[in-house]
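J.: this one's sequence-less:
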């Protein structure tokens, strides 16, 4: 099983602007509920006093994942992923660890419950934030 969640955001208000993107990729092979997930995000916050760039990363981190198919719905839940956070700019942030929630999604299922794949655009997407989920798996 492979799943990728992509997000992009952009916001401007009161003299500041923010742009960012994040990608979460998980792969589950065999049986069980532990996947290997990688996460990468970059966020730039700009204001009159300068810019702060925050980068968050995780590589092949063991993460719980659950998938279920019921009728026309596929439920996907990805657990918590510890990421390394580094900030640079006007104010430098010492590297720290943060926990990112992978999220829960209700996606459209394929008629064959043993073979699932698709691309889903979050209906809540706006001009300021967009989320896309892609997935594929074959039940063994």
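T.: Done, it's in. Computed from a prediction, not measured in an experiment: that's the story for all the values here. Numbering: from 1, shown residues only.
J.: CA atoms for contacts and neighbours, from now on please.
T.: Fine.
J.: contacting residues around the nearest residue to residue 52 once chain neighbours are set aside?
T.: Residue nearest to residue 52 in three dimensions, not counting chain neighbours: residue 89, with 4.5 Å by C-alpha to C-alpha, 6 or more residues apart in numbering. Shown in contact with residue 89 (C-alpha atoms under 8 Å, 6 or more residues apart in numbering): 50-53.
J.: Throw these into CSV and include distance to residue 25, secondary structure and neighbour count, thanks.
T.: Listed next are those as CSV, based on distance: C-alpha to C-alpha, whole Å; DSSP: H, G, I helix; E, B strand; the rest coil; neighbours: other C-alpha atoms under 10 Å:
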residue, distance to residue 25, secondary structure, neighbour count
50, 32, strand, 11
51, 28, strand, 17
52, 25, strand, 19
53, 22, strand, 20
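J.: would you list every one of the strands in the protein?
T.: 2-13, 16-27, 34-47, 50-70, 73-89, 93-108, 115-121, 129-138 (DSSP state E).
J.: need those strands in a markdown table with mean pLDDT, can you?
T.: What follows is the strands of the chain, written out as a markdown table (pLDDT from 0 to 100):
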| stretch | mean pLDDT |
| --- | --- |
| strand 2-13 | 92 |
| strand 16-27 | 95 |
| strand 34-47 | 94 |
| strand 50-70 | 92 |
| strand 73-89 | 94 |
| strand 93-108 | 93 |
| strand 115-121 | 92 |
| strand 129-138 | 92 |
